[in-house]
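Peer 1: Sequence first, predicted coordinates after that:
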Amino acid sequence: MKIGKWKDMVFTRVMVKRQQSLSKTTAAKLLYASIMVLLLQWALPLAAQSSAMANVTVAAQLQKVVSEGAKLESNGNWRAAVNLYEKTLKSHPEAVQLKSRVQLCRAQLDVSRRYNDSSYKKAIYQLDLMRSKAIYREVLKKIDTYFYTTPDWKNLVQDGFWQLQLAIQNEQFRNFHKLQTNSQRDSAFRQRIDHWLVRQEIHNYTDALYAVEYISRQTQQTYSLPHQASVLEMMAGAISLLDRYSSYLTGSELDDMFSQINGNFVGLGVELRILDKYLLIDRVIPNGPAGEASIEEGDRIIEVNRQIIPQIAAAKAADLLKGATGTRVEIVLVTSDGSVRRLTLTRRQVIVPSVEDIKMLDKVSGIGYLRIRSFQKNTADDVEKALWQLHNQGMQRLVVDVRSNPGGLVDSAVATADFFIDKGTIVSTRGRSNNEDVDYQAHDLGSWDMPLAVLVDSKSASAAEIFAGAIKDHERGSIVGVKTFGKGSVQGIFPLASFDSGLRLTTARFYSPDGHMISQRGVRPDVEVNTVGKPLADGTLPLAHVDPTLAAGVNLLRDRQVLTVNRFLVK
């Protein structure tokens, strides 16, 4: 039926029923009401049908992801599975089942990482039950003293046992310990220990240590597995499942951690991303062996010392790149244009600058720029040198870029923010220990007072969020970009006295000057910028769209009035 005829029929029925006793206004209202009723009767089923179809589509998409993930997991491709699940969770955060898969795959990745680490495998051979218990006891005491919330000791033991079960299913773990696959044996062992744990009273770290020793002895009887292997695995799992950022550090990982903090290390001068089929070079450190060999960001290492990836695990290949000063390593890499290069590089000390790209972007407007890669031990000193360098070039406004800055030292971030904030709180930390409850204050002396723009993105985290949050809450400058990562917690690095290893432990959460918790919330920008530019016909981006976040920051500063460049400035 045509809409015009249908409207006429409705109007006629209404008019006949009332015998034309109603006014034209009343008739029009009745006509409108009748039409709306009919439209709703027609639209609601369609809306319900549309919603049901959308739900079916989402369910089908998630089922496809689960199926693809299962294949990746069955092949031991844990990293690719994590990437698949996390990518899906960004668009479907309600998919709770994927979160548990991410946790499982991360745990398997941790097992593989440890068993690709020569320092960890060496520990397996050197330790026994007594020494491994001493390590676990020291770890439990540090958790009891420093972890930011009161630990659930029984849950900690259960998490450790869960990790041990996963390790027993891990191919690298089984190969190293020469374990045979036997699902019936594994299931019986799991049920026996689970039933035993249910009956146990575990209220403190002494109870936890007793439980772990019991499970270790049972594991040795069932699998002929060395006590130290099961104790260390349960310890590593217990730490990593405390929260997302706590973890056990092998000897080499502990050395790497301190190298990052100090801003120097022995190696080739590259930052790598470990993928399944190659090592992707994310950054080349200036003046390092890799930089001098013209290796570039985006190049892919496919072979190390004549061992091809993935015939050896990419994580193991990354470990082969490490070595003492003066030693050599042979690599094969594929460049961004597809050409293949075979190189021999000599390892040496590399200084990692935390502040880079110091330059004047617009000399007419006096706009300076500096990028903080991470907040290292020497970052505040490097920032101060950069400020004077730009000041001598006529800087009147400043862009500070902390995009892709993963964080670093709290003290370093506070000292850097203190250059731009003259009074008040920069950040507050709160933990279970009174020593972790600190309000970091700004100082007037030495503050620079110029228009400021801080560039952030979704990879700006931790100490970078301390800096950005302080600038935002004090209205000291404008935050430009997208919401930051949301890692609002402080980790302490604790070397262990009982063995050459350590742990990274969350000791506190931090809050911005206005009392905003950063954890899982991040810092929201004052000016949000879509970083996707529309390409030209030849596929390239117009100059104005190459870095729209930076362009937005510069344009913002051009409009800012300069009252003073600095105040109470002491050189």
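Peer 2: Perfect, I can see it now.
Peer 1: Poorly predicted segments of the protein, please.
Peer 2: Along the chain, the model assigns pLDDT under 70 to residues 1-56, 531-545, 561-571.
Peer 1: domain ranges for it?
Peer 2: As given by automatic domain parsing, the domain ranges for the chain are 3-61, 65-104, 117-242, 264-351, 355-558.
Peer 1: Just give me how far the shortest one sits from the chain centre.
Peer 2: What it means is domain 65-104. Offset of domain 65-104 from its chain centre (CA atoms, centre = their mean, to the nearest Å): 16 Å.
Peer 1: again, but for stretch 352-364
Peer 2: The answer for stretch 352-364 is 26 Å, by CA atoms, centre = their mean.
Peer 1: shift numbering so it begins at 29
Peer 2: Got it, the first residue is 29 from now on, which makes the last one we talked about stretch 380-392.
Peer 1: Buried residues of it, list them for me.
Peer 2: Buried residues in stretch 380-392, counted by 16 or more other CB atoms under 10 Å: 380-384, 386, 388-389. Any C-beta I mention is one placed from the backbone N, CA and C, and that applies to glycine too.
Peer 1: Also stretch 334-354?
Peer 2: Quick answer for stretch 334-354 (16+ other CB under 10 Å): 337, 340-350.
Peer 1: end-to-end on it?
Peer 2: 19 Å (CA to CA, to the nearest Å).
Peer 1: Show residues contacting it.
Peer 2: 140-141, 144-146, 200, 280, 294-296, 300, 302-307, 329-333, 357-359, 374-377 (CB atoms under 8 Å, 6 or more residues apart in numbering).
Peer 1: Which of the domains of the chain has the highest mean neighbour count?
Peer 2: domain 383-586 (a mean of 19; mean count of other CB atoms under 10 Å).
Peer 1: Check for me that residue 300 belongs to a helix.
Peer 2: No - counting by DSSP: H, G, I helix; E, B strand; the rest coil, residue 300 is not part of a helix but strand.
Peer 1: Name the nearest residue to it, sequence neighbours excluded.
Peer 2: Sequence neighbours aside, residue 307 is the residue nearest to residue 300 in space, at 4.9 Å (criterion: CB to CB, 6 or more residues apart in numbering).
Peer 1: Sort out for me which of the buried residues of stretch 334-354 are in strands.
Peer 2: Using DSSP state E to define strands, no part of the buried residues of stretch 334-354 is located there.
Peer 1: what two of the residues you listed have the greatest distance between them?
Peer 2: Greatest spatial distance in the buried residues of stretch 334-354: 337 and 350, 15.7 Å, computed using CB to CB.
Peer 1: next SSE after whatever helix or strand residue 216 lives in?
Peer 2: If you go by DSSP states H and E, residue 216 is part of helix 211-227. Counting by DSSP H and E, the next helix or strand C-terminal to helix 211-227 is helix 233-251.
Peer 1: Dump the C-alpha coordinates for that next one into PDB.
Peer 2: Provided in PDB are the C-alpha atoms of helix 233-251 (Å, rounded to 0.1, in the frame of the first residue of the first chain):
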ATOM      1  CA  TYR A 233      54.500 -16.500  53.500                       C
ATOM      2  CA  THR A 234      55.700 -19.300  55.700                       C
ATOM      3  CA  ASP A 235      52.500 -21.300  54.900                       C
ATOM      4  CA  ALA A 236      53.000 -20.500  51.200                       C
ATOM      5  CA  LEU A 237      56.600 -21.700  51.300                       C
ATOM      6  CA  TYR A 238      55.600 -25.000  52.900                       C
ATOM      7  CA  ALA A 239      52.900 -25.500  50.300                       C
ATOM      8  CA  VAL A 240      55.300 -24.900  47.400                       C
ATOM      9  CA  GLU A 241      57.800 -27.300  48.800                       C
ATOM     10  CA  TYR A 242      55.100 -30.000  49.100                       C
ATOM     11  CA  ILE A 243      54.000 -29.400  45.500                       C
ATOM     12  CA  SER A 244      57.600 -29.500  44.300                       C
ATOM     13  CA  ARG A 245      58.100 -32.900  46.000                       C
ATOM     14  CA  GLN A 246      54.900 -34.200  44.400                       C
ATOM     15  CA  THR A 247      56.100 -32.900  41.000                       C
ATOM     16  CA  GLN A 248      59.400 -34.600  41.400                       C
ATOM     17  CA  GLN A 249      57.800 -37.900  42.200                       C
ATOM     18  CA  THR A 250      55.300 -37.600  39.200                       C
ATOM     19  CA  TYR A 251      57.600 -36.100  36.500                       C
END
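Peer 1: tell me what it is packed against?
Peer 2: helix 157-174, helix 181-197, helix 211-227, helix 255-268 (3 or more CB pairs under 8 Å, 6 or more residues apart in numbering; DSSP states H and E).
Peer 1: Let me see the residues that make contact with the lengthiest strand in the chain.
Peer 2: Across the chain, the longest stretch assigned as strand under DSSP E is strand 530-539. Here strand 530-539 makes contact (CB under 8 Å, 6+ apart) with 167, 170-171, 174-176, 267, 270-271, 273-277, 281-282, 285, 438, 455-459, 461, 464-465, 494, 516-524, 545-547.
Peer 1: and the angle from that strand to helix 157-174?
Peer 2: Relative orientation of strand 530-539 and helix 157-174, computed by axes from the mean of the first three to the mean of the last three CA atoms, to 10 degrees: 10 degrees.
Peer 1: ok, back up a step: just give me the closest of the buried residues of stretch 380-392 to residue 450.
Peer 2: In terms of CB to CB, no member of these lies closer to residue 450 than residue 383, at 21.8 Å.
Peer 1: so who does that closest one touch?
Peer 2: 398-401, 407, 410-411, 413-414.
Peer 1: Now, those residues that are in strands?
Peer 2: Within those, residues falling in strands by DSSP E are 398-400.
Peer 1: which residues are contacting the helix or strand containing residue 578?
Peer 2: Here residue 578, judged by DSSP H and E, is contained in helix 576-586. The contact list for helix 576-586, computed with CB under 8 Å, 6+ apart, reads 389-390, 393, 395, 397, 425-427, 429, 431, 479, 481, 483, 485, 506, 508-509, 555, 557-559, 561, 572-573.
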